[in-house]
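*Asks:* sequence? don't have it. structure:
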């Protein structure tokens, strides 16, 4: 953390080795629209919709500044997940340290959507008996693979008989 007087930090050393002073934090707070739920960042944001805060030597994600000021350092192998799903939220109660895998699977991207699917494209269940896990391809439907193999074998036999 940083130097403290009582419970108010004088400064915080951020994980990316920047020092955030009380003056910086006051400037940070002025850019937040506080409410009972999300604290919305009102200043600059990235193309992906996350808030960003400019310090003298670098720009930092606003939610990371908030997390580190109120909760402490962010380990190098962790990320911040917005529990409220609002990218501009900097409320530390809505921010949680998670691994990259957890963050991706909680998201809305294609990887997360595929992981939440209970059935393959043809309606076969992804369960213990019908799911094949491959390191390079992930989860596969055994029934679909079996049917594909049968179709390929039938085509192969058809081509062989046509050559005779």
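*Replies:* Structure received. Since the structure is predicted, the reported quantities are computational estimates derived from the model, not experimental observations.

*Asks:* residues touching the residue nearest the centre of the chain, list them.
*Replies:* The chain has residue 103 as the residue nearest its centroid, 3.1 Å off, counting by Cα atoms, centre = their mean. By Cβ atoms under 8 Å, 6 or more residues apart in numbering, the residues touching residue 103 are 79, 81. In short, each C-beta sits where N, CA and C put it, glycine included.

*Asks:* residue 65: neighbour count?
*Replies:* 23 (other Cβ atoms under 10 Å).

*Asks:* just to be sure, it is in a strand?
*Replies:* No. Using DSSP: H, G, I helix; E, B strand; the rest coil, the secondary structure at residue 65 is helix, not a strand.

*Asks:* for it, which non-adjacent residue is spatially closest?
*Replies:* With sequence-adjacent residues excluded and distances taken as Cβ to Cβ, 6 or more residues apart in numbering, residue 65 is closest to residue 53, at 5.2 Å.

*Asks:* OK, contacts around that neighbour?
*Replies:* Contacts of residue 53 (Cβ under 8 Å, 6+ apart): 28, 31, 43-44, 59-62, 65.

*Asks:* averaged pLDDT, stretch 62-75. What do you get?
*Replies:* Stretch 62-75 carries an average pLDDT of 92.

*Asks:* could you give me the buried positions within that stretch?
*Replies:* Using 16 or more other Cβ atoms under 10 Å as the test for burial, stretch 62-75 gives 62-69, 74.

*Asks:* cool, stretch 78-89 as well?
*Replies:* Across stretch 78-89, burial judged by 16+ other Cβ under 10 Å covers 78-82, 86-89.

*Asks:* again with stretch 137-151
*Replies:* 141, 143-144.

*Asks:* circling back: pretty sure the residue nearest to residue 65 sits in a strand.
*Replies:* Yes. Residue 53: assigned to a strand according to three-state DSSP.

*Asks:* okay, it: pLDDT?
*Replies:* Note on residue 53: pLDDT of 95.

*Asks:* turn the buried residues of stretch 62-75 into CSV, columns for distance to residue 160.
*Replies:* As requested, those are arranged in CSV below (distance: Cβ to Cβ, whole Å):
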residue, distance to residue 160
62, 65
63, 62
64, 62
65, 67
66, 67
67, 64
68, 67
69, 71
74, 61
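
*Asks:* good, wrapping up.
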